[in-house]
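Colleague: no FASTA, just this:
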């Protein structure tokens, strides 16, 4: 085993592959959408499917955030495994997959089954 330095030792900050770059860009877009969705006013007092109907902009932003939050880490995994990406920013995107999956499940449960949890 040669540990004197090779391709596997070249760790950079920014990604060198297209999937790695896209994972970073999608993560940044999800963060920007999160900030925009947090600042926009919404109509309170609705839950479940009524919330989707009365807050369509928030619904679209939330769906986009969840989609980007799942696609970005998957692209990061593809970049690391198949393309041998070694960028630190790409490695930082990967752990967000688990958080985004749990968030997606929580949002789905809240929207479609809110009436069963709140008597």
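Modeller: It's in. Small disclaimer: the values here were computed from a predicted structure and weren't measured. Numbering: from 1, shown residues only.

Colleague: so how far is residue 34 from the residue most central in space within the chain?
Modeller: Nearest to the geometric centre of the chain sits residue 69, at 1.3 Å (CA atoms, centre = their mean). Using CB to CB, to the nearest Å, residue 69 is found at 9 Å from residue 34. C-beta: built from backbone N, CA, C; applies to glycine.

Colleague: What helix or strand is the nearest residue to residue 51 once chain neighbours are set aside located in?
Modeller: Residue nearest to residue 51 in three dimensions, not counting chain neighbours: residue 111, with 6.9 Å by CB to CB, 6 or more residues apart in numbering. Using DSSP states H and E, the element containing residue 111 is helix 96-117.

Colleague: pLDDT on the helix ranked longest in the chain, on average?
Modeller: Secondary structure of the chain per DSSP state H: the longest helix is helix 56-81. Along helix 56-81, the predicted confidence averages to a pLDDT of 95.

Colleague: Can we start the residue count at 685 from this point?
Modeller: Yes, from this point I'll number from 685; that puts the last item at helix 740-765.
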